[in-house]
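Visitor: Let's see this in three dimensions:
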Amino acid sequence: MERSFALVEAAVSCGSPTRGTEGAFDALVGAGLAAAFGDARLLPMEKLAPCPRWPEGLRHLDTVMEVCRRLRTGVLDALGRGEYPVVIGGDHSCAMGTLAALREFYGAEELAVVYVDAHTDINTEKTSESGCIHGMDLAAACGLCCDALTVGRNRVNLLGENLHFIGARSIDPPEYGIVERVGAHLHTAGAVRERGLEAVLGQVLPALEGKRVHISFDVDVLDPAEFSATGYNIPEGLTLAQVERILRAVLDTGRTCSFECVEYNPVLDPGGRDLGALMKLLRGVADKLR
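Guide: Below you'll find the model as predicted:
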């Protein structure tokens, strides 16, 4: 039986310092993303205005959390209908909403996350220098943050041992200690270059056995020479071919339960070059899943 999909919008950019990613869903749907996923059901979201800075320094907390709460509801709705949720952000703060839904539906112990990103996003509100919540989503999912960053009924309490970073290359000093403390698996972009991508995948893929796997893909993992329509253009990133290989390998396990794509900024892509590249990549994801 052919799988059915739901494209779930996470219309948020104020979890980051830049604006524009809240338009990614509209741009990708306009380019034919729903058709690529077999006429997927669309779950659009109202674009909310950024709220003022929260007194304790968490930027635009109320808006970010409202988006995450709505996203959690949308993902749970898709899962309850037997659909495969494909979340389109928005900045990466939306992962809090996605992971809250997955935790409620599958349980935290059953959930593994493959995080393909230039960052580790595992700062807490105490270690973050910027106060931008898109750098805290995994710390919140691991139960390390304040109650204000809890989306659903309970904390997600993702097990660090089930968290696999691939391609990170912009990591704040406190994050190294947090990654080590929770027991997460860090495969930096440098490690991919030095050891080879197949060696990295040889470590990641066996660890996914018996788990429900969520892929969270941030376009800033890509090298700016190949993809630059994002708020962070960090040199020495992965190539499109490498990211395609990572996604294909994880999808080939047959263990994935959801997919997330974040941080594409159409405002920074007036000619649509990067939209075309991203659509090609996402069509490949759809072909693997259908």
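
Visitor: Now the residue nearest the centre of the chain. Nearest residue, chain neighbours left out?
Guide: Closest to where the C-alpha atoms of the chain average out (Cα atoms, centre = their mean) is residue 216, at 3.3 Å. In this structure, residue 216 finds its nearest non-sequential neighbour in residue 260, 4.5 Å apart by Cβ to Cβ, 6 or more residues apart in numbering. For glycine as for every other residue, the C-beta is placed from the backbone atoms N, C-alpha and C.

Visitor: any idea whether the one you found is helix, strand or coil?
Guide: The three-state label for residue 260, taken from DSSP: H, G, I helix; E, B strand; the rest coil, comes out as strand.

Visitor: which residues touch it?
Guide: The contact partners of residue 260, taken as Cβ atoms under 8 Å, 6 or more residues apart in numbering, are 86-89, 94-95, 98, 214-217.

Visitor: Quick one: which of these is the most crowded by neighbours?
Guide: Within the contacts of residue 260, residue 94 tops the neighbour count with 35 neighbours, counted by other Cβ atoms under 10 Å.

Visitor: Now that one: closest residue in space that isn't a chain neighbour?
Guide: Using Cβ to Cβ, 6+ apart, the closest residue to residue 94 is residue 10 (3.5 Å).

Visitor: so who does the one you found touch?
Guide: Taking Cβ under 8 Å, 6+ apart as the definition of contact, the neighbours of residue 10 are 25, 45, 67-68, 71, 87-90, 94, 97-98, 262.

Visitor: how does it look with 6 Å?
Guide: 71, 87, 89-90, 94 (Cβ atoms under 6 Å, 6 or more residues apart in numbering).

Visitor: which of those lies closest to residue 193?
Guide: Compare each of these with residue 193 using Cβ to Cβ and the shortest gap goes to residue 89, at 27.3 Å.
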